[in-house]
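Colleague: Here is my input, please return the structure:
(chains A and B)
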Number of protein chains: 2
Amino acid sequence: MSLLIVGSMALDTIETPYGKREYILGGSCTYITTSASYLTDGIRMVGIVGYDFPKHEIEFFKSKGIDTSGVEISSDKKTFHWHGVYHKNMNIRDSITTDLNAFETFDPVIPEHFRDSDFVCLGNVDPVIQKKVITQLRKPKLTMIDTMDFWIEGKLPHLLETLKLTDIIMINDSEARLLSGEDNLIVAGRKILTMGPKIIIIKKGEHGALLITPDTLFSVPALPLDKVIDPTGAGDTFAGGFMGWINRTNDFSDDNLKMAIVCGTVMASLIVQDFSLEGIRDIPKDVLLSRFKDIKKLTDYKDIVL
Amino acid sequence: MSLLIVGSMALDTIETPYGKREYILGGSCTYITTSASYLTDGIRMVGIVGYDFPKHEIEFFKSKGIDTSGVEISSDKKTFHWHGVYHKNMNIRDSITTDLNAFETFDPVIPEHFRDSDFVCLGNVDPVIQKKVITQLRKPKLTMIDTMDFWIEGKLPHLLETLKLTDIIMINDSEARLLSGEDNLIVAGRKILTMGPKIIIIKKGEHGALLITPDTLFSVPALPLDKVIDPTGAGDTFAGGFMGWINRTNDFSDDNLKMAIVCGTVMASLIVQDFSLEGIRDIPKDVLLSRFKDIKKLTDYKDIVL
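Modeller: Residues are numbered from 1 along each chain as shown, chains lettered A, B, ... in the order given. You can find the predicted model right below:
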């Protein structure tokens, strides 16, 4: 199977209560591809970077088995740079700088040899771009998009167009409420199901995630951690784990979607324990397996007989 | 086994976006006992009501197999009356009236025939009262208390005294942060473990509950509901389900504590779907069993092999 991942690639400067890092890897495509690479091969990366993007980071993606032939390198522009500062309560952050640079005109032409991709994961970009990507593809089995309040508020008609072509939407709880106009998350999810997607994934941060399909409700908590160093990229890493598992198994039954959500949860638990991508740059297999056990222990209980 | 439950008994007036009910059953003891009665027998109730408390409601408790001989009926005072109004976002509520009435001087003498109780559940009352109750008992196997920000802020030294005599504390997330001075819930829970209790249950409302013991972390989501009519008593009903299961099984291994948390979750899911106690006044067994199945379906997934 093959998994096409399209999104931003960036060099971020991040400050959290645990320190500051400058010009480190960022961007949705970066997190999604790397996360998925622990679960599947056949990953295809589409993004744009500037002339200043470190060559060894492209080599890093290749070392993970990721096909980087869809990454454009601008000869005259720098890489997208975001500078964010997290508060002590890391649910709150301030954006100090957002220099789009090479990403400003991102309008990807999907390489011919990527157009037959089986699965597609589109990071949080303009829904117009998302639609243009989807319509370039032959016949993907399943297409997922991420989106955010900025597009819901600013480009709703376009987002609704894109949703009609989308199988899975991944969205956080406040955005699900905003998109649906419903306070109750279950009602919100069911309403979004009428907009096109067959599968709704609602991310609730430290409270975990919720899967809503026409027939299934599934909830998984985030792995409780005693230290979160940097929450940047947690949602994208979650998406990478999810779509990585789907591509690995080529199975989108409700039961397997549940397992994919758990994969996303495991990957997200790893990314937040270090700055930027460092938490998943090189995970030994035993660490990965032990996280799966941790989630099972955290959620599993014996059948109750009354 | 026997389960002693001590707390408030009230007649509430409740307004939610779904309507208004006047002088209906309320109080922690009311919710805890009724909830526990679906899981166990041997329930002993200690509380105080006024001369206006409906006789048929005492008969209702008896019909659930609850021993009401510890309920004092004041001859000259009315029953505790609380009037609350919930906002559209039902996490916010205003207290319009709090007339303590007979409850004002609540300082229970535990009847001699209740002093050998195996398990004890103390609703959210003054920690001084909680301590006085505990010290009247012979040798309970496990004692649980509920508490709130009012006591953490106003009577911390007394609460810390009571905690030393307590095995289980049930507390909501913001109160756990307040009591421990820690933002991170896991760190908060571990700190509270050093204050006396061996078992910490952190209630997270719509996000479910977390169990923290020295060896175990367990998380269960709340059952997602498309309609919440009245959230009053959800935490007490949760406590009743939890302690009801413990009393039924006489087993406080970590594995069984997990099952008890699920029992609490099921009972809480029922109470919020109607006003006051109505949601659990008469639950058919098949409805109860189907809720247990719902929680299992919501949380269970197949083992993941990489």
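
Colleague: what secondary structure does residue A:197 sit in?
Modeller: With DSSP: H, G, I helix; E, B strand; the rest coil as the basis, residue A:197 sits in coil.

Colleague: Now for it, how many residues are close by?
Modeller: Neighbour count for residue A:197, taken as other Cβ atoms under 10 Å in any protein chain shown: 24. Where C-beta positions appear, they are placed from N, C-alpha and C, glycine not excepted.

Colleague: Locate the residue nearest the centre of chain A within the secondary structure: which element?
Modeller: What sits nearest the mean C-alpha location of chain A, by Cα atoms, centre = their mean, is residue A:236, with 2.4 Å. Residue A:236 is part of helix A:234-249, with elements assigned from DSSP states H and E.

Colleague: Point me to the helix or strand that includes the residue nearest to the residue nearest to the centre of chain A when sequence neighbours are not counted.
Modeller: Nearest-residue entry for residue A:236: residue A:31, 3.6 Å, with adjacent residues in sequence omitted and distances by Cβ to Cβ, 6 or more residues apart in numbering or on different chains. For residue A:31, the enclosing helix or strand under DSSP H and E is helix A:28-37.

Colleague: what comes up buried for that helix?
Modeller: A:28-37 (16 or more other Cβ atoms under 10 Å in any protein chain shown).

Colleague: what does stretch A:129-146 give?
Modeller: So for stretch A:129-146, counting by 16+ other Cβ under 10 Å, buried means A:129-131, A:133-134, A:137, A:140, A:142-146.

Colleague: Mind checking the pLDDT average for it?
Modeller: Average pLDDT, stretch A:129-146: 98.

Colleague: Repeat that for stretch A:224-233.
Modeller: Stretch A:224-233 comes out at a mean pLDDT of 95.

Colleague: how long is that stretch from one end to the other?
Modeller: Counting by Cα to Cα, to the nearest Å, you get 17 Å between the two ends of stretch A:224-233.

Colleague: Any idea how far that stretch is from the middle of the chain?
Modeller: 16 Å (Cα atoms, centre = their mean, to the nearest Å).

Colleague: who's in contact with that stretch?
Modeller: Identification of contacts with stretch A:224-233 by Cβ atoms under 8 Å, 6 or more residues apart in numbering or on different chains yields A:12, A:14, A:16, A:18, A:26, A:28, A:30-31, A:84, A:86, A:90, A:269, A:271-277, A:279, A:298, B:184-187, B:190, B:210, B:217, B:219.

Colleague: redo that, cut-off 6 Å
Modeller: For stretch A:224-233, the external contacting residues (Cβ atoms under 6 Å, 6 or more residues apart in numbering or on different chains) are A:14, A:16, A:18, A:31, A:90, A:271-275, B:184, B:186-187, B:217.

Colleague: The residue nearest to residue A:236: what's it in contact with?
Modeller: Neighbouring residues of residue A:31 by Cβ under 6 Å, 6+ apart: A:233, A:236-237.

Colleague: With residue A:129 instead?
Modeller: Listed by Cβ under 6 Å, 6+ apart, residue A:129 has no contact partners.

Colleague: In a helix, it, correct?
Modeller: Yes: checked against three-state DSSP, residue A:129 lies within a helix.
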